[in-house]
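Novice: pasting the structure only:
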């Protein structure tokens, strides 16, 4: 595999912290793509294949044994490697658009910024294990406290990562914002503090503008 990740214009990802409204935004993006006649494969991370979903369970379930940051990162990339080879690349090869709820940017945010792992380590794994970068990434940006308030009544049993403290999620948010600032050509930052209708409209405008450049 080439050590230079390839940016694919038909690969769209959605990123953001807890409570940012990614599920609604995913529906908007999918509908915008399908309205133009595209086949759309919707998937998620960690997960996307039976094996990757089993790794997801390991990652998100609470354990008596504390998961080391490096273990968390490597499990994320193990699931991602399977996901890329079994779902993402085959779909792109046949001409479909792929829409993923999270991708490698989440590892830079959660494991590098959040856990303190060296970004260079994440970048090396991205080059050697993944080899692909989205053409468009929408970041739903939301204040951490507001996001936690939104999920307070929803998550009766928060998973291992959702159970982290606010300072962890502040670092994650800054990690995402740094990624967006460093790659404005790929990222579109959406203010997720708006109403669901406003967020949906902003997402649709961003996707439509992107699609117009791909025509």
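Specialist: Looks like it came in fine. In this text, all values refer to a predicted model and were calculated from it rather than measured experimentally.

Novice: so who does the nearest residue to residue 81 once chain neighbours are set aside touch?
Specialist: Closest residue to residue 81 in three dimensions, ignoring its sequence neighbours and counting by CB to CB, 6 or more residues apart in numbering: residue 129, at 4.9 Å. The way it works is simple: take the backbone N, C-alpha and C, and place the C-beta from them, glycine included. Residue 129 makes contact with 77, 80, 81, according to CB atoms under 8 Å, 6 or more residues apart in numbering.

Novice: so what pLDDT did residue 129 get?
Specialist: With respect to pLDDT, residue 129 has a value of 94.

Novice: Distance check, it against residue 214.
Specialist: Residue 129 is 27 Å from residue 214, where distance means CB to CB, to the nearest Å.

Novice: all helices for this protein, in order.
Specialist: 22-35, 50-60, 69-83, 89-93, 104-106, 119-125, 144-152, 166-182, 196-214 (DSSP state H).

Novice: Of the ones you listed, flag the one that's most buried.
Specialist: The highest mean neighbour count among those, using mean count of other CB atoms under 10 Å, belongs to helix 104-106: a mean of 25.

Novice: what helices or strands is that helix leaning on?
Specialist: Contacts defined by 3 or more CB pairs under 8 Å, 6 or more residues apart in numbering; DSSP states H and E place helix 104-106 against strand 6-16, strand 132-141.

Novice: Other residues contacting it?
Specialist: With CB under 8 Å, 6+ apart as the contact definition, helix 104-106 has outside contacts at 13, 15, 45, 76, 80, 122, 126, 130, 133, 137, 139, 176, 179.

Novice: tell me which strands and helices the worst-scoring helix or strand of the chain on mean pLDDT is in contact with?
Specialist: The helix or strand of the chain with the lowest confidence, counting by mean pLDDT, DSSP states H and E, is helix 144-152 at a mean of 83. Helices and strands touching helix 144-152, by 3+ CB pairs under 8 Å, 6+ apart, are helix 166-182.

Novice: what's the model's confidence in the helix it packs on, averaged?
Specialist: 96.

Novice: and what of stretch 101-112?
Specialist: Rounded mean pLDDT across stretch 101-112 is 97.
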